[in-house]
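Colleague: got a predicted model here, sequence first, then my questions.
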Amino acid sequence: MSDRQFTHPNLGKEVRVEVWGNEVRLIFVCATEGKANSAADDILAQLQSGMLNVTLAGKPTSIVHD
């Protein structure tokens, strides 16, 4: 697999970035629970291998920050 292919196309339509004290939380709101479980498994596997690659493609319709 090339590093340019997407492991989870059409994962969902919302990503949130939250800061809680010294934590930064990146939250993907997935289309289904199955897609959420698949994405979580993939993220954990990447972390266990020592590298996490997150690529988001497409221009957002809006960006909201507080």
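Modeller: Ah, there it is.
Colleague: show me where this structure has helices.
Modeller: 33-49 (DSSP state H).
Colleague: poorly predicted segments of it, please.
Modeller: 1-5, 66 (pLDDT under 70).
Colleague: residue most distant from the centroid, it?
Modeller: Gly21 (20.9 Å; Cα atoms, centre = their mean).
Colleague: skipping adjacent residues, who's closest to Ile43 in space?
Modeller: Nearest residue to Ile43, sequence neighbours excluded (Cβ to Cβ, 6 or more residues apart in numbering): Leu52, at 6.7 Å. All C-beta spots, glycine's among them, are computed from the backbone N, C-alpha and C.
Colleague: thought the one you found was touching Leu44?
Modeller: No - in this structure Leu52 lies outside contact range of Leu44 using Cβ atoms under 8 Å: 9.7 Å.
Colleague: quickly list what the closest residue to Ala36 other than its chain neighbours is bridged to.
Modeller: With Cβ to Cβ, 6+ apart as the criterion, Ala36 has its nearest non-adjacent residue at 4.0 Å, and that residue is Cys30. Bridge pairing for Cys30 (DSSP bridges) gives the partners Gly12.
Colleague: how many residues are close by Cys30?
Modeller: For Cys30, the count of nearby residues is 19 (other Cβ atoms under 10 Å).
Colleague: any idea how far it is from Asn10?
Modeller: 10 Å (Cβ to Cβ, to the nearest Å).
Colleague: could you check how many residues crowd around Glu33?
Modeller: Neighbour tally, Glu33, other Cβ under 10 Å: 8.
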